[in-house]
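[1] 3D, please:
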Amino acid sequence: MKTMKVSEYLQELINRFGEDRKNWKVICPNCKTIQSVQDFYDAGIEIKEASSFFGFSCIGRFTKKKGCDWTLGGLLQIHDLELIDEEGIEHPRFEIAEIEKVGNEPST
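    Here you go, the predicted structure:
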């Protein structure tokens, strides 16, 4: 099991995807769907609610267009990452997605 401080997780999201939270992406441990904060907005989730679901519940819980209905709040725990808050409490979280390659770069 990997662990990170909440601040490290947030900084890594910024490093990979920039300051705009809408562009942050994680991957569901169940269906492997890459999902962004923008996906939650597009599904009609309010900004405050989206921040609590992002990285914890798959987008498929809110739309049939993408993903599955997995959440880390269930009985089965298949996640590989836990965030440690300021009080030392661990919280399950989806892993941060890799940066997608853009353009027609030659493979090496």
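[2] Kindly check the end-to-end length of stretch 16-35 for me.
    One end of stretch 16-35 sits 14 Å from the other (Cα to Cα, to the nearest Å).
[3] Let me fix that, I meant to ask about stretch 34-52.
    So stretch 34-52: terminal residues 17 Å apart, Cα to Cα.
[4] Would you mind measuring from the residue nearest to I34 when sequence neighbours are not counted to L13?
    Leaving aside its sequence neighbours, I34 sits nearest to A97 (Cβ to Cβ, 6 or more residues apart in numbering; 4.6 Å). C-beta here means a position set from N, CA and C on the backbone, and glycine is covered the same way. Going from A97 to L13 by Cβ to Cβ, to the nearest Å gives 10 Å.
[5] low-scoring pLDDT stretches of this protein, where are they?
    Judged by pLDDT under 70, the chain has its weakly predicted residues at 101-108.
[6] ok, now with 80
    100-108 (pLDDT under 80).
[7] Tell me where it has strands.
    For the chain, the strands defined by DSSP state E occupy 2-5, 25-27, 34-36, 81-84, 90-93, 95-96.
[8] quick one: contacts of the first one?
    Looking back up the chat, that one is strand 2-5. Residues from elsewhere that reach strand 2-5, judged by Cβ atoms under 8 Å, 6 or more residues apart in numbering: 12, 80-84, 90, 95.
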